[in-house]
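Enquirer: Provided below for reference: sequence and predicted model.
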Amino acid sequence: MITRNANGATSTAGSGNGAREIAIAVEHLTVSYGPTPALLDVNLQIPAGLLVGVIGPNGSGKSTLIKAILGFVRADFGEVKLFGEPAEKAKGRVAYVPQRGSVDWDFPITVQEVALMGRYGQRRWWQDRTHADYAAADAALEMVRMSEFRHRQIGQLSGGQQQRVFMARAMAQGADILLLDEPFAGVDAATERAILDVLERTRAAGKTLVVVHHDLATAAEYFDRIVLLKQRLFAFGPPERVLKPELLAEVYEGKLRAFMDLAE
């Protein structure tokens, strides 16, 4: 069933999570940029081992939620816990895949070197890379099917290949939680399917993935659970319980014609 909590959001009870450990717990999270609120009293618990999509209109706070979980932005109020610990004590358990537009693709670095960046937290800054570092980076590249490009400069890759390389960096880190900010943006349909395949295999390996996503038409197909956000948390649960026309209309304020046409 779906229940409505104290701040008005719907959440799912009895949805088959069983005794899953809670990977991410967001409690009364409020974040502002100057006088403008980005997130307002968000309460959210994400069980481990799921592929979770975060949707909402532009400016709804999706990327801010990811940054707050990472500790990149300071909360006005509330806190984030990862596997029951304050986020600042569990930073090694979370990895981030940024939007492609935030990366300098002309930087002279190879695919393998990007994957090796995920190993920085495993050693002191003065220590040389070890065989274990290279093995972890190579295994991550193999998982995202980028091994044959290991010596290529990152700017020579397609958009989808670039995304997969940064996913390899996150996996080489050995993190239990992967946060991805719009990994499907600006790629063609075939590349989108390839990225989704990597996400699904990463989930099958026991990881928890939280993905900022903008396409309502594919959200139901791609994710185990969906977070519906517009400053406040409006809903969290299985796609069929979140992607309801009346709830989406409330969040998107009537800007849903294309999605509704597809639904019909």
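Expert: Happy to help now that I have it.

Enquirer: So E253 versus L216, what's the distance?
Expert: 14 Å (Cβ to Cβ, to the nearest Å). Where C-beta positions appear, they are placed from N, C-alpha and C, glycine not excepted.

Enquirer: Of these two, which one has the most company?
Expert: Under the criterion of other Cβ atoms under 10 Å, the comparison of E253 against L216 puts L216 first, with 19 against 10.

Enquirer: Would you agree the more buried one is in contact with I55?
Expert: Yes. L216 lies in contact with I55 (Cβ atoms under 8 Å); the separation is 6.5 Å.

Enquirer: Can you give me the pLDDT of L262?
Expert: What the model reports as pLDDT for L262 is 43.

Enquirer: Spell out the residue ranges of the strands in this protein.
Expert: 2-4, 10-12, 22-33, 36-47, 51-55, 77-82, 85-86, 94-97, 177-181, 208-212, 225-230, 232-237 (DSSP state E).

Enquirer: Looking at those strands, which is nearest to Q163?
Expert: Comparing those against Q163 with Cβ to Cβ, the closest turns out to be strand 94-97 (7.2 Å).

Enquirer: residues making contact with the closest one?
Expert: With contact meaning Cβ atoms under 8 Å, 6 or more residues apart in numbering, strand 94-97 is reached by 66, 69-70, 82, 87, 118, 163, 166-167, 169-171, 173, 175-181, 183.

Enquirer: on that earlier part again, which one of the strands of the chain lies closest to A140?
Expert: strand 94-97 (10.5 Å).

Enquirer: tell me the mean pLDDT for that closest one?
Expert: Per-residue scores along strand 94-97 average to 90.

Enquirer: before we move on, what about stretch 239-259?
Expert: pLDDT averaged over stretch 239-259 gives 81.

Enquirer: Run the chain-centre distance for it.
Expert: Relative to the centre of its chain, stretch 239-259 is centred 21 Å away, using Cα atoms, centre = their mean, to the nearest Å.

Enquirer: Report the buried residues of it.
Expert: For stretch 239-259, a neighbour-count test (16 or more other Cβ atoms under 10 Å) marks P239, R241, V242, L243, L247, L248, V251, Y252, L256, F259 as buried.

Enquirer: go on, stretch 163-179?
Expert: 163-173, 175-179.
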